[in-house]
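> what shape does this take:
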Amino acid sequence: MIDGYVINNLGRSKHIFKMSITPGKRVPLVDLYDMYKTKYGGEFDADFLVWLEKTKVPPGSGFDIVVKSIDDVPEKVSAKKEKVVEVVEPPSAPIKFSGGKLTARQIADLKIKDDPKKLIKEVQSIHKLRRALSLCKGRPGKEIITKLIHGRLSELS
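Presented below is the predicted three-dimensional model:
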């Protein structure tokens, strides 16, 4: 009997195994065998892992086969034995201001940790600010940036 799962290490969702797999989600090997047993045509043993790796989860695909316990693991399978990988998105680095070179998209994508008040105060282009304002409208979490852009536009007008 095989006890294990396939885990998504991509950092984004992917449609595989006839379903959408979110980052860090684990799909039990038993469920995959139930889904593919007619296509595979064999027993639920180590050969199923070889077939699964060859056809559905090739190395470098962003998915790992994690085996907790198995009677016999063949050398052909590159399954990871009891290695759990946690997917964590890297923190986004603050935008560095380079002397008036921010685009409207960069202004609209500013976060509070980027110190938007200081960066927006240095922008001199009314057209760029208007474009950034239109990109911010309707986006959740952009109320503060929208207020700062409105304030800067009133200063420049």
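> spit out the contact partners of F17.
Contacts for F17 (Cβ atoms under 8 Å, 6 or more residues apart in numbering) come out as V6, V27, L32, M35, K56. Bear in mind the C-beta positions are built from the backbone N, C-alpha and C, glycine included.
> excluding its backbone neighbours, what's nearest R152?
I120 (5.0 Å; Cβ to Cβ, 6 or more residues apart in numbering).
> the one you found contacts Q106, correct?
No. Here I120 lies out of contact with Q106, judged by Cβ atoms under 8 Å, at a distance of 11.0 Å.
> which one's more surrounded, the two?
I120 (20 against 15; other Cβ atoms under 10 Å).
> for the residue nearest to R152, which three-state class applies?
helix (DSSP: H, G, I helix; E, B strand; the rest coil).
> hang on, V27 in a helix?
No. Counting by three-state DSSP, V27 is not part of a helix but strand.
> what about it, neighbour count?
18.
> grab the nearest non-local neighbour of it.
V6 (4.9 Å).
> partner strands of the host helix or strand of the one you found, with direction?
Here V6 is covered by strand 3-8, with elements defined by DSSP states H and E. Sheet pairing for strand 3-8, assigned by DSSP bridges, gives strand 26-28 (antiparallel), strand 63-69 (antiparallel).
> ok, and for the longest one, which residues are buried?
For strand 63-69, the neighbour count (16 or more other Cβ atoms under 10 Å) marks F63, D64, I65, V66, V67 as buried.
> the lowest-mean-pLDDT helix or strand in the chain: what's the following helix or strand?
Lowest on mean pLDDT, DSSP states H and E among the helices and strands of the chain sits strand 80-81, with a mean of 48. Downstream of strand 80-81, the next assigned helix or strand under DSSP H and E is helix 104-108.
> packing partners for that next one?
In terms of contacts (3 or more Cβ pairs under 8 Å, 6 or more residues apart in numbering; DSSP states H and E), helix 104-108 is packed against helix 126-136, helix 143-156.
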